[in-house]
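Participant: predicted structure and sequence below. I'll ask about it afterward.
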Amino acid sequence: MNKVYLFLVICSILFSCQSDEEKIKDIIIDNIENELIETLDDPDSFEFVKLYKIDTIFKLPFYKALKKSTESSIGAFKIKLQEDHESITLLDTERAKRNLDDLDKYEKLINESKEGEILEINTTFTCRYNNEFGAKMLHGYEVSLTEGLKIDKIKLIE
């Protein structure tokens, strides 16, 4: 009898030692499955095949890159303004104004963001399911998730 208890304890320890990464993958797979299954003609035929690389976009580096790119565009406009101000169009002027507004917005977002804060998580996956004619289909999807691992967007890969 003691051997049975020991076996059960060992099994529970082994199965509970799942890494955080594996737990996150399981949550992502469950969320994708729950979202997609509602749209299928034959939900019982759904079969998850593979989850590919998970790509995380962090807020701070993303907003800093946007700010740098916007600053570069503003700099190019200033150079054009100094060198050849007669060739500047109304569209150039409107774009420069929009860039200045964006620059303020990005600065605010940078100040509000914390290091390690997630903007978006992206992944791709494949699955099989039966279509309306009963034929087994294999499809790939691109998925965007929020920081809380909730589905933001899901798109069939053509």
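Facilitator: In hand now; what should we look at? All values derive from a computational prediction rather than experimental measurement.
Participant: after the worst-scoring helix or strand of the chain on mean pLDDT comes which helix or strand?
Facilitator: For the chain, the helix or strand with the lowest mean confidence is helix 2-16, at a mean of 41 (criterion: mean pLDDT, DSSP states H and E). On the C-terminal side of helix 2-16, the closest following helix or strand by DSSP states H and E is helix 20-37.
Participant: name the residues that touch the very next helix or strand once past that following helix?
Facilitator: As assigned by DSSP H and E, the chain's next helix or strand after helix 20-37 is strand 47-51. Residues outside strand 47-51 that contact it (Cβ atoms under 8 Å, 6 or more residues apart in numbering): 25, 28-29, 32-33, 123, 125-129, 138. No exception for glycine: its C-beta is placed from N, CA and C like everyone else's.
Participant: can you dump the C-alpha atoms of stretch 23-34 in PDB for me?
Facilitator: Presented in PDB, the C-alpha positions along stretch 23-34 are these (Å, rounded to 0.1, in the frame of the first residue of the first chain):
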ATOM      1  CA  LYS A  23       2.100  26.500 -18.900                       C
ATOM      2  CA  ILE A  24       1.900  29.700 -21.000                       C
ATOM      3  CA  LYS A  25       1.900  27.600 -24.200                       C
ATOM      4  CA  ASP A  26      -0.900  25.500 -22.800                       C
ATOM      5  CA  ILE A  27      -3.000  28.600 -21.900                       C
ATOM      6  CA  ILE A  28      -2.400  30.000 -25.400                       C
ATOM      7  CA  ILE A  29      -3.400  26.800 -27.100                       C
ATOM      8  CA  ASP A  30      -6.600  26.600 -24.900                       C
ATOM      9  CA  ASN A  31      -7.500  30.200 -25.700                       C
ATOM     10  CA  ILE A  32      -6.900  29.700 -29.400                       C
ATOM     11  CA  GLU A  33      -8.900  26.500 -29.400                       C
ATOM     12  CA  ASN A  34     -11.800  28.000 -27.500                       C
END
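Participant: per-domain residue ranges of this structure.
Facilitator: Using automatic domain parsing, the domains assigned to the chain come out as 20-57+117-156, 59-112.
Participant: reformat these as a markdown table; add mean neighbour count and mean pLDDT.
Facilitator: Output for those, formatted as a markdown table (neighbours: other Cβ atoms under 10 Å; pLDDT from 0 to 100):
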| stretch | mean neighbour count | mean pLDDT |
| --- | --- | --- |
| domain 20-57+117-156 | 14 | 90 |
| domain 59-112 | 13 | 90 |
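Participant: residues in contact with stretch 85-97?
Facilitator: With Cβ under 8 Å, 6+ apart, stretch 85-97 has contacts from 73-74, 77, 80-81.
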